[in-house]
Structures are given as structure tokens and as C-alpha cells.
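[1] structure for this input, please:
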Amino acid sequence: MRARQVSGAGRKARFVRISALVLCLAPSAVGAARAQTLVMPSVEPVPPSGKLPLSSAERPGTEYIDLAKRGYQEEEYYLSGVAPAITADGRTVADVPYVTRFLIRKPKDPRRFNGTVIIEPFSWFGERAAGWILTRDYLTRRGYAYVGYTLNINAPAHDPKFPVDASGTSEDAKQYGGIVNFDFMRRFDYARYAPLGSYYDERLFLRGGLPDPFVPQAQGISAELALLLKSNPPDGPAKGLKVDRVYVNTWAVNAQIWMDYLNQGRHQQWRMPDGRPLIDAYMTGKLAYGEVAGESIRVPRHMPDDAPFVTVFSESETLHDAINGIALPPDTDVPRLRYYEVMGTPHLRKADLGTGEVEPLPNERGKPNDPRCQTIYDEPSELPFSALLDALDRWVRLGVPMPREERVERRGKGVVRDGRTGNIVGGVRPPWIMVPAAEYWTDYETGCGVVYDSKVPYSAARLRAMYGNYANYARRFEEAKRRSVAQGYLLPEDAAGLKPIATPQDFGPQRR
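    Numbering: from 1, shown residues only. Sure, this is the predicted structure:
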């Protein structure tokens, strides 16, 4: 299946055409830019190599799901074109060719497709699809299509993802250097990923005074992918499906790309030929914008008036902003803006790790005996996050505003914790926070020294003091599930399978 074959002369012509379309504007001027249509990228299937693709949902691992059982199929494609290489402050340096790849997961039966494609760049670390991991059950139940795509570079001499310390070394590079960049992908499957390439020059692209770790062509590649999907070419990757909407559902470090995209006015600048937006909704999560480097803004300077912008924080990002005194904006319906701080959810779980990624546990670092560094969160974070994505979809399709939730209560450069439960006051409260069986902490507070956050399960004596016995606890947990469904933070079909976090054994020997 080949959407378009481009000869050498054709590639040159495309380069000239796209150069004429992309404006070299600073962020302050982008908002006034005339709407433009990018040039359609080329797409062709990746030849089989005898191995399943990297990040495939059919490979054993954190992204696995039985696609066939759910009536889905997965295909991998090369995506190639010419995209602007943009600095962190919004200046276009050059229009440069690229070749990348994407995976599409879609219903086999077109009648099951709901008209929406979710797009997400794979993470730097092990090409992980964090948004897919968090919402795959929901997506495949409701008939979405999903596209995960690669934004990467060849390993430069000084990798900007791993800034060196005063000694000239980088501990992060030692830990993660083997699972990033195109070099990692080629080691995984050279035949499949040898053609990939994108532009980078550490002298030209800076963020916060350091080499920019984000791919300079990220915005253009993302926009061209959305253009391809929403244009419904008859021989394109979504052949047989009619794509009406494209939503962003991007988590962790690559969420910054979408803040840049909106902040620099790309939503208004790059449009479909008929003037519609390329992207109909933006949901990003588990990243405090500017945390990697650069500005710590929370509302883009060029908010869209025809698409919601929704940000979801775990406890970790919530503490980041509280400690740094960064205030969250109020929720508004015009423009459509929401922020959610979801308590009892961590920045990373074992269930979220990428291919080849190994993370030390909290008790394996500097505080092995600290009671707060013994147990990581294992609660089903995917449940409130899926409910939020469903609410976003209803806001777009039906005009039903997403719920508003009170912010976490702050005190100085910190948060308020309830004296009885030990947990943070305010925010979105899943059932395991409404009726807790543990104190939930972040590494910002404990200093365990790892990417995981950790919890302290209640002792049997504390559980009995709070609930009396397991039956009372389980009854209250069921009530909390019903409240969470009513609030819009838990879907009814997910509530049915959500079990209490504590077990009867956690309450100790039962009295007769």
C-alpha cells in the first residue's frame, strides 16, 4: 500500500513547495499568520523483517494486548517528507527531509470505528507508548484507531537528553543510553529501521541555554501525520475507515512538544485544506511543562478556540509545581482548558516501562531502610486517565464540558496532607484515595532517588482503627467507586472490575 511515490525531482519540488508554505516566525508573530496547508507526506508499508515491530502491541511486554481478540489489527509504515526544523523559541531554521515510522492499530471491521484517531509520539526511553499503555482497554472497547510514531535522531556526540555534570559525565546516559535514538532502534532490528533519519544540530537548537533535547522537526512531523490521517487518502494507512477527528494523547516527556506547538501558534497556522484544524483535541499528562528545560508556562500563548487543551498531573507533577511555586490556571470553557491533579497515581509504574528499560526500586538507592522507600504504587492509574479521555471525547463530539475539579490544597512551597489518612488534600480522588489503605508519596518528598514514587501501606492496626474490619472497608470502597463514576473519573465498565486495594489478610487475624 503506497500513498505516494516521490522521485528525486519530486522530492526537490516538494522541498520548494513546503519552504514557501512554512513561515519563519517568532512566537509573538505566529498568531497573526495566515492559515496554511502543509504538503502531504509519503507513506509506505515497512517490509517484514521476521520480527514484530518495536513497540508492537503484539509483543510480550508493557504494551501488549490481544488485538485479534478485540477485533483489531496492527500495521507499521514509513512516513517521509520535508518538515521545518524549529527552535524552542519558534524560529524555523530550515526545511529538511525526514524519514520516520509509525504503528497504526485499527478495527478490522470499519463499522466498529468511531471516527477518531489518537496520535502519540513514542517516548525517548525504549520507544514506549505511555498513552497507549494507559488507555488501550478503553480505546479498543470504544472503536478508536491509534497511531504511535517515532520522533528521534541519530546519536550525536553529545546527546542533549543527557546533560553532563561538573565532572563531565552523565549518570542518566549510563542508565538510558542504550535505549534511546535511532541507534537503539537499529540494534533492535537493523533491516526495519536503517532508513530512519531526522535533522539535528546542537549548535543551532537550544532550550534553556542548553542543547534542545526535543527533535527540531517534531512539530512538523506531527502535523504532517495528522494531515495524512485526516485527509483519508484511499490507499493510506487508515484505508477503509473515515477519519473525522484526530486527538493528541501524549504522556511524559513528549508532552512538551504539544505545549510548544500551541504556544507557537501552530494550531492556527497549519490547517486542513478546508480550514478545519489538523488536531481536534489535546490531552497531555505526567509532565510539568518546562521541567526538562525552558519556560514553566501552563497556558499556551495561542490557545485554540476550536479544540480543548487538557493536562493531567500525577502526584509527582503536582508536587513539582507546588515546590516550585507554579500556580495552575483556572479551568475555563472559553477557551476550553482543564487541569487535573490525580492523587494516588505516580509518574511511572513497572507497567509503564519501555523496551529494555530497567529502573531501580526505591529501596535500592540512597535510603534502603526508609519506610517510605519500600513499596511503589501499583494502583490501576489507567482507570481515571481513561475516564478523562472519554470526557474529552464527549466535550469534542457532544459539547458536554469536562468536569471541573478543585485543586490540591497548598501550603507555602508544599501541599496539605490529611492528618488522619496521611494523603494530600484536594485534586481528583480515585476510590483508593477516597477510601485509602496507604499513604501515597512522591520522590520529591521522600528523596528515595528513583523515578518511581512510593507508598506506605497502612498497618493492620491502622486499618482496623479506620474501618473496623475488612467488610466495612470493602463496603466503603464500593461506595467510593459509585461516587467516582458519578463525578466522571471512573467509567462504569471499569468500576465493575476495580477491586479494593487492601485484602482481608491486611487487616490481620479476623476475630470470631
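
[2] pLDDT weak spots in the protein?
    1-33, 166-168, 511-512 (pLDDT under 70).

[3] one more time with 80, if that's ok
    Scanning the chain for pLDDT under 80 picks out the ranges 1-34, 163-169, 510-512.

[4] the residue nearest the centre of it and residue 76, how far apart?
    Central residue of the chain (Cα atoms, centre = their mean): residue 251, 1.4 Å from the mean position. Counting by Cβ to Cβ, to the nearest Å, the separation of residue 251 from residue 76 is 21 Å. Using the backbone N, CA and C atoms, a C-beta is placed for each residue, glycine as well.

[5] is it true that residue 76 touches residue 46?
    Yes. If you go by Cβ atoms under 8 Å, residue 76 and residue 46 touch, sitting 4.3 Å apart.

[6] out of the two, which sits in the busier spot?
    residue 76 (21 against 18; other Cβ atoms under 10 Å).

[7] what helix or strand does that one sit in?
    According to DSSP states H and E, residue 76 maps onto strand 72-86.

[8] now that strand: buried residues?
    Across strand 72-86, burial judged by 16 or more other Cβ atoms under 10 Å covers 72, 74-86.

[9] do the same with stretch 392-400
    Residues 392, 393, 395, 396 are the ones in stretch 392-400 that count as buried (16+ other Cβ under 10 Å).

[10] what strand or helix carries residue 359?
    Per DSSP H and E, there is no helix or strand for residue 359.

[11] who touches the closest residue in space to residue 193 that isn't next to it in sequence in this structure?
    Once flanking residues are discounted, residue 193 sits nearest to residue 185: 4.1 Å by Cβ to Cβ, 6 or more residues apart in numbering. Going by Cβ atoms under 8 Å, 6 or more residues apart in numbering, residue 185 touches 54, 127, 150, 152, 192, 193, 196.

[12] find the residues that touch each one of residue 76 and residue 46.
    53, 101, 192.

[13] and of these, the nearest to residue 291?
    residue 101 (27.6 Å; Cβ to Cβ).

[14] CA-only coordinates of the helix or strand hosting the closest one in PDB, if you can.
    Here residue 101 sits within strand 92-107, counting by DSSP H and E. What follows is strand 92-107, C-alpha atoms only, in PDB (Å, rounded to 0.1, in the frame of the first residue of the first chain):
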ATOM      1  CA  THR A  92      12.300  28.000  11.700                       C
ATOM      2  CA  VAL A  93      16.000  27.200  10.900                       C
ATOM      3  CA  ALA A  94      15.500  25.100   7.700                       C
ATOM      4  CA  ASP A  95      13.100  22.900   5.900                       C
ATOM      5  CA  VAL A  96      14.600  19.400   5.900                       C
ATOM      6  CA  PRO A  97      13.800  15.900   4.700                       C
ATOM      7  CA  TYR A  98      12.900  13.200   7.300                       C
ATOM      8  CA  VAL A  99      12.100   9.500   7.400                       C
ATOM      9  CA  THR A 100      10.300   8.100  10.400                       C
ATOM     10  CA  ARG A 101       7.900   5.300  11.200                       C
ATOM     11  CA  PHE A 102       4.600   4.800  12.800                       C
ATOM     12  CA  LEU A 103       2.400   1.900  14.000                       C
ATOM     13  CA  ILE A 104      -1.400   2.100  13.500                       C
ATOM     14  CA  ARG A 105      -3.900  -0.100  15.400                       C
ATOM     15  CA  LYS A 106      -7.300   0.000  14.000                       C
ATOM     16  CA  PRO A 107     -10.600  -2.000  14.000                       C
END
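
[15] other SSEs contacting that strand?
    Strand 92-107 sits against helix 8-21, strand 72-86, helix 130-142, strand 145-149, helix 218-231, with contacts defined as 3 or more Cβ pairs under 8 Å, 6 or more residues apart in numbering; DSSP states H and E.

[16] got a markdown table for these, with distance to residue 340 too?
    Formatted as a markdown table, the helices and strands packed on strand 92-107 follow (distance: least, Cβ to Cβ, whole Å):
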| stretch | distance to residue 340 |
| --- | --- |
| helix 8-21 | 36 |
| strand 72-86 | 28 |
| helix 130-142 | 13 |
| strand 145-149 | 22 |
| helix 218-231 | 23 |
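
[17] so which of those gets nearest residue 357?
    With Cβ to Cβ as the measure, helix 130-142 is the member of the helices and strands packed on strand 92-107 nearest residue 357 (11.6 Å).

[18] now the closest one, how far from the centre of its chain.
    12 Å (Cα atoms, centre = their mean, to the nearest Å).

[19] tell me the buried residues in it?
    Neighbour-count burial for helix 130-142 [16+ other Cβ under 10 Å]: 130, 131, 132, 133, 134, 135, 136, 137, 138, 139, 140, 142.

[20] outside of that helix, which residues touch it?
    Residues from elsewhere that reach helix 130-142, judged by Cβ under 8 Å, 6+ apart: 57, 62-63, 65, 67, 70-72, 105, 114, 118, 120, 123, 146, 148, 249-252, 285-286, 351-352, 381-382, 385-386, 389-390, 393, 491, 493-494.

[21] how about 6 Å then?
    Helix 130-142 is contacted by residues 62-63, 65, 70, 72, 114, 120, 123, 146, 249-252, 352, 382, 385-386, 389 when judged by Cβ atoms under 6 Å, 6 or more residues apart in numbering.

[22] and those, which of them are in helices?
    Mapping these onto helices (DSSP state H) picks out 382, 385, 386, 389.

[23] which residue packs closest to the third one, ignoring adjacent ones?
    In space, and not counting its chain neighbours, residue 386 is closest to residue 138: 3.8 Å by Cβ to Cβ, 6+ apart.

[24] tell me the bridge partners for the residue nearest to the centre of the chain.
    Beta-bridge partners for residue 251, by DSSP bridges, are residue 285.

[25] what residues are up against it?
    Contacts of residue 251 (Cβ under 6 Å, 6+ apart): 130, 131, 285, 286.

[26] what about the second one, distance to residue 489?
    It refers to residue 131. With distances defined as Cβ to Cβ, the gap from residue 131 to residue 489 amounts to 18 Å.

[27] state the number of residues packed around residue 327.
    Neighbour tally, residue 327, other Cβ under 10 Å: 10.

[28] again but with residue 113, I slipped
    Applying other Cβ under 10 Å, we find 20 residues neighbouring residue 113.

[29] over to the one 10 residues further on?
    Per other Cβ under 10 Å, the neighbour tally for residue 123 reads 24.

[30] which residues are in contact with it?
    In this structure, residue 123 makes contact with 130, 252, 354, judged by Cβ under 6 Å, 6+ apart.

[31] the same query, at a cut-off of 7 Å, please.
    When the contact criterion is Cβ atoms under 7 Å, 6 or more residues apart in numbering, the partners of residue 123 are 130, 252, 253, 254, 354.

[32] which one (most neighbours) among the residues you listed?
    Tallying neighbours with other Cβ under 10 Å puts residue 130 at the head of those, with 29 neighbours.

[33] could you find the closest non-adjacent residue to that one?
    Per Cβ to Cβ, 6+ apart, closest to residue 130 is residue 251, 3.8 Å.

[34] how much space separates the residue nearest to the centre of the chain from residue 86?
    22 Å.

[35] again with residue 73
    34 Å.

[36] what's the answer for residue 328, then?
    The spacing between residue 328 and residue 86, counted by Cβ to Cβ, is 27 Å.

[37] for residue 200, same thing?
    12 Å.

[38] residue 197 too?
    For residue 197, the distance to residue 86 - Cβ to Cβ - is 17 Å.

[39] with residue 255 instead?
    Counting by Cβ to Cβ, the gap from residue 255 to residue 86 is 17 Å.

[40] and residue 174, by the same measure?
    Distance from residue 174 to residue 86, by Cβ to Cβ: 31 Å.

[41] please list all residues in contact with the closest residue to residue 418 other than its chain neighbours.
    Spatial nearest neighbour of residue 418, chain neighbours left out: residue 425 (5.5 Å); criterion: Cβ to Cβ, 6+ apart. Residues in contact with residue 425 (Cβ under 7 Å, 6+ apart) are 408, 409, 416, 417, 418.

[42] nothing else from me, thank you.
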